[in-house]
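Asks: compute the structure for the input listed below.
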Amino acid sequence: MAATDALAGVLSQMTGPWPISAAARELAAAGVPVFPCVPGEKRPLTEHGFHDATTDPGQVEAWWRTHPDANLAVPTGAASGVVVDVDVHGTVDGFASFERAHRADLVSGWAFLVSTPSGGMHAYYPATPERAQRSWQAARAGVDFRGDGGYILVPPSKVSTNGAAVGYRVRQINTGPSATLDADRLRDFLDPRPMPPPRTGDDVQRSVDVSRLAAWVAARGEGERNRGLFWAACRLAENGVPAPDALDVLAAAASESGLGEREITATVRSAYRTAQPQARPSPPVARGAPRAADGWFARDATVRTSAPMRGLS
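Replies: Numbering: from 1, shown residues only. Predicted coordinates for the structure are as follows:
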């Protein structure tokens, strides 16, 4: 829990405008590894993305001396805690899903909340000791999970939204004890899957193929990442894997290779349009339950086949 506490401690000091470089230095001094991203964007500036994150003060100073307007990011997982990313886009409102999960006591132990430029929210939790928690997406629920193999922008970073630079800002800090999050239970609650039939030898082969595909995507280097993700998503589309499931399979792997969230989503969608040009779009997701009475989880009012898979043999 120390990593999340350290992150919360530094962010709680940001009562006024802070230079991003100062926040980077304070986080590194508190033991939270940091790395720079492109100014106004979520794309890493370093060659290996979050793998380059460090607490070394000299390196942090050099990064922001060279790129004074760079955004600030931290790797998620054991390094700084895990994050539930509540998204708002189109007809998808992740706050309704988060509220349902909160009433089911699945997300109540957050350490602090951050408002995002898109009108969404990041809820931070301590990482579960000695247990890997991989990132995943529940696109239909409007909720993503950022764990091991992911990263997140933190305040006072800014991104361009509708032509304006909008910042991440601390929304609420829990002054009481925080608790770890059962990410598997949360995913099953938000995106329940039917009970699979008994696995045959061919089913095992397909599972191995999908795992191998994800590992291949994660291993792509700079210059190959986007093209590799596109190729992999096309293979999943050709084998009848629904687009949201493809995102679930590939998002964490692509993030590990250094791609950002929006680029991953756009690339997978583009691959499905290419591989399944006659596919009908998914129906819109209706808004769900009413907002929580305390308003914490409402929108921020101040921010507006059995055979082996083809192409893998």
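Asks: can you tell me the closest non-neighbouring residue to residue 109?
Replies: residue 179 (2.8 Å; Cβ to Cβ, 6 or more residues apart in numbering). Every residue, glycine included, has its C-beta placed from N, CA and C.
Asks: do residue 221 as well
Replies: Nearest to residue 221 is residue 257, by Cβ to Cβ, 6+ apart, at 7.6 Å.
Asks: so that neighbour is in contact with residue 217, correct?
Replies: Yes - Residue 257 lies in contact with residue 217 (Cβ atoms under 8 Å); the separation is 6.4 Å.
Asks: neighbour count: these two, which is higher?
Replies: residue 217 (26 against 23; other Cβ atoms under 10 Å).
Asks: which helix or strand contains that one?
Replies: Secondary structure assignment for residue 217, by DSSP states H and E: helix 201-218.
Asks: next secondary structure element downstream of that helix?
Replies: helix 225-238.
Asks: what are the buried residues along that following helix?
Replies: Residues of helix 225-238 classed as buried: 225-226, 228-229, 231-237 (neighbour count, 16 or more other Cβ atoms under 10 Å).
Asks: what about the strands in the stretch 101-250 of the chain?
Replies: 112-115, 121-125, 136-138, 143-146, 151-153, 158-161, 164-167, 169-173 (DSSP state E, counting those that start in this stretch).
Asks: which of these sits closest to residue 246?
Replies: Residue 246 lies closest, by Cβ to Cβ, to one member of the strands of the stretch 101-250 of the chain: strand 136-138, at 10.0 Å.
Asks: how near is residue 30 to residue 23?
Replies: Distance, residue 30 to residue 23, by Cβ to Cβ, to the nearest Å: 11 Å.
Asks: so what sits against both of residue 257 and residue 217?
Replies: Shared contacts of residue 257 and residue 217, defined by Cβ atoms under 8 Å, 6 or more residues apart in numbering, comprise 228-229.
Asks: for the chain, what helix or strand is lowest in average pLDDT?
Replies: Ranked by mean pLDDT, DSSP states H and E, the weakest helix or strand in the chain is helix 201-218, scoring a mean of 65.
Asks: using CSV, write out every CA atom in stretch 56-72.
Replies: Extracted in CSV, the C-alpha atoms of stretch 56-72 (Å, rounded to 0.1, in the frame of the first residue of the first chain):
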residue,chain,number,x,y,z
ASP,A,56,16.4,8.4,-10.3
PRO,A,57,16.4,12.2,-9.8
GLY,A,58,19.1,12.8,-12.4
GLN,A,59,17.2,11.1,-15.1
VAL,A,60,13.9,12.7,-14.1
GLU,A,61,15.6,16.2,-14.2
ALA,A,62,17.2,15.4,-17.6
TRP,A,63,13.9,14.3,-19.1
TRP,A,64,12.0,17.4,-18.1
ARG,A,65,14.9,19.7,-18.9
THR,A,66,14.8,18.4,-22.4
HIS,A,67,11.0,18.3,-22.6
PRO,A,68,9.7,20.9,-20.1
ASP,A,69,6.1,20.6,-21.3
ALA,A,70,6.1,16.7,-21.3
ASN,A,71,3.1,15.0,-19.6
LEU,A,72,3.7,12.9,-16.5
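Asks: show me what that stretch is in contact with.
Replies: 20-21, 23-25, 27-29, 34-42, 45-46, 54, 153-154, 156-159.
Asks: what about burial for those, which qualify?
Replies: 20-21, 23-25, 27-28, 34-37, 39-42, 45-46, 153-154, 156-159.
Asks: cool, thanks, signing off.
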